[in-house]
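Chemist: Prediction below, plus the sequence it came from.
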Amino acid sequence: MDPSGGCPHAANATLLARGAVAPLVLPGEVEAMAVIGHDALREFLSHPDVAKGAAHFTALREGRIPDGWPLKTFATVQGMTTADGDDHRRLRSLVSKAFTSRRVEALRGRVEEVTAELLDDLASAGDKAGPIGEWEDGPGNRQDLPHVVDLRADFALPLPMAVICELLGVDEGFRDRLHHLSNQIVATDISPEDAMAANRDIVAVLSAVAASRTENPGEDLTSALIAARDEDGDRLSGHELIGTLLLMIIAGHETTLNLITNAVRALCLHRDQLELVQNGKASWSDVVEETLRWDSPVSFFPFRYPTRDLTVDGTVIPKGTPVLAGYSAAGRDKAAHGDDADLFDVTRHATGSTARHLSLGHGAHFCLGSSLARMEATIALERLFTRFPDLDVAVTEGELPRHASFVGNSVRRLPVSLGQLG
């Protein structure tokens, strides 16, 4: 795996041509495998002989994974994503009450309010924006495009970050720092020293959040988790509290940030698809589902471990091997999605002509915040293109700087021209 990340789709196509399971070498010469075929991944994600707990990671258990390994946090953080059986059910049940259909729907008004505020800010920033050549990471002096803003930084990021932080009771002063540290945690090209520092720093910030909510509890999820721990000490340990907050912060904003960013890129690249939605021939929900399939916000997610030698689609995955879920590859698997799997087509979900994507997971670890992510992205896209119907990406796709990670799948910046301001 290339630690610097980049667009995964060409490499995924090469791997899929060879089979549904691929051997990989991770940073640090760690041998691993990825399940990349849609049907094989669906089976693997819900297989009873596949675990999430790090005790099943043979190389880690034998001391062959050093501190500072860039992917170690994914294996060792204490929370839902690294728990199995009763522990997983216990941890998930403590959080799940915040993500019931009723609770998510109750957040709709706040999501709409934050979206409206951000759109007003975009319009104001667009009025003051200069030429694209003034941008860091920009391609140099280009034509003077009116109303150019960084949609990722100024819209796609602050929306889910505001919502998840309000849900958790995280003060606004912590948010920029948490996003920066989250980026370092998911980076795969980070040095061991920087990886260890990022983990120490994010634990310190989240400990401060927990201390603040302990002293001044509110109607937020962190306060509820602390109360559950205090009422019955074995329900949630201190490490599990911090681990749960870390997972909620990262999963609660990074994936939705990538989803909104990737959806805007896709619609700008495929103006005919945008026109279908604007003319009522497809829905904004269809856009969200097709983006999740076509350009999954998570490319390769670590880790799962077979608890015995396991044969998946004819390939043996040895017991204790770290396995990545290849969501970006599975989304374009022609065996599941048809010969046109490489095409961005928002109508395929409306007609039910293809298998559902797996980008939000499957089985016991299916994404707990999927309903919230879908709602945020749907509202964001509808309001964005209603306000700025002529919005377009201001540089070519090849000029967009990619994430330095093969875990997350998106670009670091998204300069867009707002066009005629509405």
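Modeler: Ah, there it is. Only a predicted model underlies this, so the values are computations on that prediction, with no experimental measurement involved.
Chemist: which residues in this protein form strands?
Modeler: For the chain, the strands defined by DSSP state E cover 21-26, 30-35, 50-51, 148-150, 300-306, 310-312, 315-317, 323-326, 392-393, 415-417.
Chemist: quick one: contacts of the second one?
Modeler: When contacts are taken as Cβ atoms under 8 Å, 6 or more residues apart in numbering, the neighbours of strand 30-35 outside the stretch itself are 15, 20-26, 41, 44, 59, 65, 69, 71, 300, 303, 312, 315, 317, 321-326, 329-330. To be clear about C-beta, it is placed using only N, CA and C from the backbone, and glycine gets the same treatment.
Chemist: let's go with 7 Å and repeat that
Modeler: 20-26, 41, 44, 59, 65, 300, 312, 317, 321-326 (Cβ atoms under 7 Å, 6 or more residues apart in numbering).
Chemist: Whichever of the residues you listed end up buried, select them in PyMOL.
Modeler: The command below creates a PyMOL selection of those among the contacts of strand 30-35 that count as buried (16 or more other Cβ atoms under 10 Å):
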select buried, resi 20+21+22+24+26+41+44+59+65+300+312+317+321+322+323+324+325+326
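Chemist: Out of the strands of the chain, flag the one nearest R175.
Modeler: R175 lies closest to strand 148-150 among the strands of the chain, at 17.0 Å (Cβ to Cβ).
Chemist: Looking at that closest one now, give me its mean pLDDT.
Modeler: For strand 148-150, mean pLDDT is 91.
Chemist: next helix or strand past that strand?
Modeler: Next along the chain after strand 148-150, taking DSSP states H and E as the criterion, comes helix 151.
Chemist: contacting residues around that next one?
Modeler: V264, L414, V416.
Chemist: Can you pull the phi/psi pair for the nearest residue to F366 once chain neighbours are set aside?
Modeler: Of all residues not flanking F366 in the chain, L360 sits nearest, at 6.5 Å (Cβ to Cβ, 6 or more residues apart in numbering). When read as degrees, to the nearest 10, the backbone of L360 gives phi -110, psi 10.
Chemist: OK, contacts around L360?
Modeler: L292, F366, C367, S370.
Chemist: Closest one to L381 out of the residues you listed, please.
Modeler: Taking the contacts of L360 together and measuring to L381 by Cβ to Cβ, the closest member is L292, at 12.5 Å.
Chemist: And for the closest one, the neighbour number?
Modeler: Neighbourhood size, L292 [other Cβ atoms under 10 Å]: 27.
Chemist: so what's it closest to, chain neighbours aside?
Modeler: Nearest one to L292, counting by Cβ to Cβ, 6+ apart, is S359 at 4.1 Å.
Chemist: What distance do you get for D339 to H349?
Modeler: D339 sits 17 Å away from H349, going by Cβ to Cβ, to the nearest Å.
Chemist: show me where pLDDT drops low in the stretch 301-422 of the chain?
Modeler: Applying pLDDT under 70 to the stretch 301-422 of the chain flags residues 350-355, 420-422.
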